[in-house]
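Mind folding the following:
(2 chains, ligands or ions: 1)
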Amino acid sequence: MLKIPREQFDGLRAHGEAEYPQECCGVLIGKLSDGSRVVKEFIRCRNSQTLMADRRYSIPAEELIAAQRRAREQDMDIVGFYHSHPDHPPQWSSHDLEEAHWFACSYVITGIEKGRAGDTKSYVLCGNDEETKRFDNEEIEVLTEVGA
Amino acid sequence: MKIYLPTPLRPYADKRSVVDAPGATIAEAMRSLTNQYPDLKGYIYSDDGNVRGFVNIYLNDEDVRYLPAKMNSPLHDSDTLTIMPSIAGGSNR
Ligand SMILES: [Zn+2]
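From the prediction side, this is the model:
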């Protein structure tokens, strides 16, 4: 399961709307707790794909390094990533799976229909290696902060 | 020499997020890492022994691919290496 505060959830969806008709992308940092990934913060990244950015994304490595450092400084980890599918459902694509290498991390996808965020889905990268990897559906629990 | 391992590599390294790996060059430190945790080899290297295309190795903030001496670059005690698999994808539209 992916647990994410309302503010972060709305924020990453808004990022998809802002970048439309290009794909947006970013990093989720937080903690692993009882098999769930608990997001504390999302980090917007630049889509370094210059060709076909409406259907491809790639996070610049220097932004990944910065995100990793930011996580480490707060005693957290990178627990997942997000991107958007402009005018396409939030179902992972063969290309998404091929390019996924972070096992046990969440890959969150938001479908953006004509500039408005539609459904958001999350998938965990499972399996043992490049040959056996697969995406499993995962439930998203949006956390409403209570007095926190 | 510290090597930082992100989440997907930790199952192959006793769940560690950072490993001490002595070496005078990046190649030596990487060898020390995979000698300590041989299970990491399959993730980092392809069958021909080269670093997989999606695996980026960073010396401090520099991509090792862009260093003049690449894997043979010398290391200092204060340097850190970070292994960072790439993040990319896209829709089938
Ligand atoms: Zn996608």
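
Hmm, residue B:81 is touching residue B:1, no?
Yes: contact criterion Cβ atoms under 8 Å: residue B:81 and residue B:1 qualify, at 6.9 Å. From N, CA and C alone the C-beta is placed, and that goes for glycine too.

near chain A, which residues of chain B show up?
Applying Cβ under 8 Å from any Cβ of the partner chain, we find that chain B lies next to chain A at B:4, B:6-8, B:11, B:17, B:42-43, B:54-56, B:58, B:61, B:63, B:82, B:84-93.

Could you rerun that using 7 Å?
Applying the criterion Cβ under 7 Å from any Cβ of the partner chain, the portion of chain B that neighbours chain A consists of B:6-8, B:42, B:54, B:56, B:58, B:61, B:63, B:82, B:84-93.

near the ion, from the residues you listed?
Taking Cβ under 5 Å from the ion as the test, the ion is in contact with B:89, B:91 out of the residues of chain B next to chain A.

Now the buried members of the residues of chain B next to chain A.
Those of the residues of chain B next to chain A that meet the buried threshold are B:6-8, B:56, B:58, B:82, B:84-91, by 16 or more other Cβ atoms under 10 Å in any protein chain shown.

which residue does chain A bring closest to the ion?
For chain A, the residue positioned closest to the ion under Cβ to the ion is residue A:96, at a distance of 4.1 Å.

any idea whether that residue is helix, strand or coil?
helix (DSSP: H, G, I helix; E, B strand; the rest coil).

quick one: it from chain B, how far?
Here the distance between residue A:96 and chain B works out to 4 Å (Cβ to the nearest Cβ, to the nearest Å).

any idea how far residue A:115 is from that residue?
Shown here: residue A:96 relative to residue A:115, a distance of 22 Å by Cβ to Cβ, to the nearest Å.

Settle it for me: which of those two has more neighbours?
Comparing residue A:96 with residue A:115 by other Cβ atoms under 10 Å in any protein chain shown, the one with more neighbours is residue A:96, at 22 against 12.

That one contacts residue B:92, doesn't it?
No: here residue A:96 does not reach residue B:92: they are 8.6 Å apart, not a contact under Cβ atoms under 7 Å.

Inside helices: which ones of the residues of chain B next to chain A?
With helices taken from DSSP state H, the overlap with those comprises residue B:42.

Name the nearest residue to residue A:100, ignoring sequence neighbours.
residue A:125 (5.0 Å; Cβ to Cβ, 6 or more residues apart in numbering or on different chains).

Okay, and the beta partners of the one you found?
Taking DSSP bridges as the rule, residue A:125 bridges to residue A:135.

What count of nearby residues applies to it?
Once other Cβ under 10 Å is used to define contacts, residue A:125 is seen to have 22 neighbours.

Spatially nearest residue to residue B:39, not counting backbone neighbours?
The spatial neighbour of residue B:39 that comes closest, neighbours along the chain excluded (Cβ to Cβ, 6+ apart), is residue B:12 at 3.9 Å.

Tell me how many other residues crowd the one you found.
A count of nearby residues for residue B:12, using other Cβ under 10 Å, gives 19.

Pretty sure it sits against residue B:37.
Yes: counting by Cβ under 7 Å, residue B:37 is a contact partner of residue B:12 at 5.9 Å.

Which of the buried ones among the residues of chain B next to chain A sits closest to residue A:73?
When these are compared for distance to residue A:73 (Cβ to Cβ), residue B:82 comes out closest, at 13.8 Å.
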